[in-house]
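S.K.: The amino acid sequence is not available; the structure is as follows:
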């Protein structure tokens, strides 16, 4: 899809603040900026720059801070905070990167525990006064604790939140937790018994927010600023939702893949789970305070003992209280990723040595660039364990058109269907929202620079392509079979045309009255129109099964009655299936 804002501006308009660093630090910055590398590298191809990679990933604005030896070594901004206003990203630009909020929320909750205002291992209903969690038989008599909420081991529903458009009616926390209008998410309830395993739940974090306000009798944003953010020095950060008008000139605008977020950003009353507005510099201060507290050299909010508790895995070996933990080749790190409507981010810090990096963007699909930046920073500073992986160099092979064209087609693994196609003289794999260029490494294999898997084509006895297998980190991965895209007759297509209604109350976190689905035909081509704003081309692999290139992870199946009438269709992404019934 075409974005109506022009990403090409990024190629000529990258700016950063005019801040002076020592020659040694400037050299490190240049090394990071000019040497982004991925898992695969084409022989003879130079490492690319931040500017080039942002343009490829369609990232409008990016901000970075690097922590070295317990100090903020440098911070820079790239691209636009708002491309239409020609507002550049600076280290003072605030972003709304989402779930990183959970790490700071956990500091606030742990401060309450440190002050003996709450017991981390007691039934949460002992502290909830404005609402009570409705236990049912799913919990099998077990009680949910605050430690469960912070470590995502409470067994609760609602992974994340959509936020609300500026100007929408904002629900109360109680309405959100019960899934009642105007909330746009389902009720937070038990899905499995607590204490069994890690199961990420922003809904659980929202319960912890309500507990904090019930105990302190103060607005969440005010209490968190005075007791957590301000003491750490995060004075450019705030949990206020929405932000006050005087802050808006410092706020980045959120961008989705093909448009600006309506109203420029979403409002998140689920502040603890997703509502923090912040800068990489402020998050770097949080990393440093955590590292120094862990050493017993600072206690601006938490004592050494409480910080140790936060970073100690709880039930799951990779999850602490509000943070994720990782032991990379003997070096331990704590981290958290994030994603809101039009924003994303990531931070990580070492337990020892005082190293860390913070990355935030006003874009949603940035995992590839994030890993490349981590690689580049870790290489420049020679930090052990932090690099995602070493680069593997492959020699690109030029195939004749006859050889390469036979690979064109669709490849299915379960409900996931990827498409190989040619545009001009270049071949692409549509494996995500953005197409990945194919680089052939032999007459039967290829790589994509955005992926860590090499793909090997599979042939039958007659030499016809019948599928492909993924090789991930030198290990055989899953395989996909080649499937034919059918061209249905006008009569066959016409019977699918119409509107379809979702049977369930929610699809994911979307309420049903926010989604309308219509099958339409334009110039003989079938499309599924969602909310009348988005049209996705339907590609049939049987007379009643289709997929959409824009949504490669889901397979859709029409239900056809015995008399040949279409009654509805079901979408399946491998984890959840949703049925839509044809409107009368």
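M.R.: Received the coordinates, thanks. It should be emphasised that the depicted structure is a prediction, and the values quoted were computed from it without experimental measurement.

S.K.: residue contacts, residue 435?
M.R.: Counting by CB atoms under 8 Å, 6 or more residues apart in numbering, residue 435 touches 428-429. Every C-beta, even on glycine, is put in place using the N, C-alpha and C of the backbone.

S.K.: Which pLDDT value goes with it?
M.R.: Note on residue 435: pLDDT of 83.

S.K.: gap between it and residue 196?
M.R.: 40 Å (CB to CB, to the nearest Å).

S.K.: wait, isn't residue 229 in contact with residue 240?
M.R.: No: Residue 229 is beyond contact range of residue 240, at 10.9 Å (criterion: CB atoms under 8 Å).

S.K.: between those two, who's got more neighbours?
M.R.: Neighbours per residue (other CB atoms under 10 Å) separate residue 229 from residue 240, with residue 229 holding more: 25 against 18.

S.K.: which residues does that one contact?
M.R.: So residue 229 contacts 104, 235, 237-239, 282 (CB under 8 Å, 6+ apart).

S.K.: So it, which state does it fall into?
M.R.: Secondary structure, DSSP: H, G, I helix; E, B strand; the rest coil: residue 229 is helix.

S.K.: which regions of the stretch 51-200 of the chain sit below the pLDDT cut-off?
M.R.: By pLDDT under 70, the stretch 51-200 of the chain contains no weakly predicted segment.

S.K.: That one: helices as residue ranges?
M.R.: 101-114, 146-151, 173-178 (DSSP state H, counting those that start in this stretch).

S.K.: Now residue 335. Its backbone dihedrals?
M.R.: Dihedral angles of residue 335 (phi, psi; degrees, to the nearest 10) stand at phi -160, psi 170.

S.K.: I should have written residue 376 there, sorry.
M.R.: phi -70, psi -40.

S.K.: Hmm, it is touching residue 31, no?
M.R.: Yes: applying CB under 8 Å as the test, residue 376 and residue 31 come out as touching, 7.5 Å apart.

S.K.: So between those two, which is more surrounded?
M.R.: Per other CB under 10 Å, whichever of residue 376 and residue 31 has more neighbours is residue 376, with 24 against 15.

S.K.: that older thread, shared neighbours of residue 229 and residue 240, anything?
M.R.: With CB under 8 Å, 6+ apart, residue 229 and residue 240 have no common neighbours.

S.K.: roughly how far apart are the closest residue to residue 277 other than its chain neighbours and residue 568?
M.R.: The shortest distance from residue 277 to any non-neighbouring residue, by CB to CB, 6 or more residues apart in numbering, is to residue 94 (4.7 Å). Note on residue 94: its distance to residue 568, by CB to CB, is 45 Å.

S.K.: between the two, which one's more packed in?
M.R.: Between residue 94 and residue 568, counting by other CB under 10 Å, residue 94 is the more crowded of the two (22 against 18).

S.K.: which residues does the closest residue to residue 78 other than its chain neighbours contact?
M.R.: Distances taken as CB to CB, 6+ apart put residue 62 closest to residue 78, at 4.5 Å, once the chain neighbours are dropped. When contacts are counted by CB under 8 Å, 6+ apart, residue 62 touches 50, 54, 77-79, 89, 359-361, 369.

S.K.: Look up which residues are beta-bridged to the most centrally placed residue in the chain.
M.R.: Central residue check for the chain by CA atoms, centre = their mean: the C-alpha nearest the mean position is that of residue 339, 4.5 Å away. Per DSSP bridges, the residues bridged to residue 339 are residue 344.

S.K.: ok, it touching residue 100?
M.R.: No: taking contacts as CB under 8 Å, residue 339 lies outside contact range of residue 100: 9.7 Å.

S.K.: Now list whatever residues contact both of these two.
M.R.: residue 345.

S.K.: picking that back up, from the contacts of residue 229, which is closest to residue 265?
M.R.: Nearest to residue 265 out of these is residue 238 (CB to CB; 13.3 Å).

S.K.: Chain neighbours aside, what residue packs nearest to that closest one?
M.R.: Closest to residue 238 by CB to CB, 6+ apart is residue 277, at 5.3 Å.

S.K.: Just give me the neighbour total for the one you found.
M.R.: 26.

S.K.: which of the residues in stretch 332-341 are buried?
M.R.: 333-341 (16 or more other CB atoms under 10 Å).

S.K.: Pick the one among those residues closest to residue 45.
M.R.: Checking these against residue 45 by CB to CB gives residue 337 as the nearest, at 28.4 Å.

S.K.: Against which helices or strands is the helix or strand that closest one falls within packed?
M.R.: In the assignment (DSSP states H and E), residue 337 maps to strand 331-340. If you count contacts as 3 or more CB pairs under 8 Å, 6 or more residues apart in numbering; DSSP states H and E, strand 331-340 packs onto helix 101-114, strand 324-328, strand 343-350.

S.K.: Tell me which of the ones you listed sits nearest to residue 84.
M.R.: In terms of CB to CB, the element of these nearest to residue 84 is strand 343-350, at 17.0 Å.

S.K.: Give the next helix or strand downstream of the closest one.
M.R.: Along the chain past strand 343-350, the next helix or strand (assigned with DSSP H and E) turns out to be strand 356-361.

S.K.: which residues touch residue 106?
M.R.: By CB under 8 Å, 6+ apart, the residues touching residue 106 are 150, 310, 321-323.

S.K.: before we move on, the earlier item: quick one: the residue nearest to residue 238 and residue 184, what's the gap?
M.R.: 21 Å.

S.K.: that older thread, and the average pLDDT for the strand holding residue 337 is what?
M.R.: Averaged over strand 331-340, pLDDT sits at 92.

S.K.: Check what contacts stretch 118-125 and list those residues.
M.R.: 109-110, 112-113, 126-127, 132-133, 143-147, 149-150, 207, 211, 215, 321.

S.K.: Now do the end-to-end distance for it.
M.R.: Start-to-end span of stretch 118-125 (CA to CA, to the nearest Å) is 11 Å.

S.K.: going forward can the numbers begin at 384, since that is how I track them
M.R.: Yep, numbering from 384; the last one is stretch 501-508 now.

S.K.: From the chain's centroid, how far away is it?
M.R.: 30 Å (CA atoms, centre = their mean, to the nearest Å).

S.K.: And for stretch 464-471?
M.R.: Using CA atoms, centre = their mean, the offset of stretch 464-471 from its chain centre is 23 Å.

S.K.: For the stretch 584-733 of the chain, give me the ranges with low pLDDT.
M.R.: Looking at the stretch 584-733 of the chain by pLDDT under 70, you get 641.

S.K.: hmm, 80 instead?
M.R.: With pLDDT under 80 as the threshold, the stretch 584-733 of the chain has low-confidence stretches at 640-641, 712.

S.K.: burial count for residue 909?
M.R.: Neighbours of residue 909 (other CB under 10 Å): 20.

S.K.: List phi and psi for it.
M.R.: The phi/psi pair for residue 909 (degrees, to the nearest 10) reads phi -80, psi 140.

S.K.: and the residue nearest to it when sequence neighbours are not counted, what does it touch?
M.R.: Counting by CB to CB, 6+ apart, residue 909 lies nearest to residue 921, which is 4.3 Å off, once chain neighbours are set aside. Residue 921 sits next to 902, 909-911, 929-931, 939 when contact means CB under 8 Å, 6+ apart.

S.K.: Confidence-wise, which of these comes last?
M.R.: Lowest confidence among the contacts of residue 921: residue 931, with 87.
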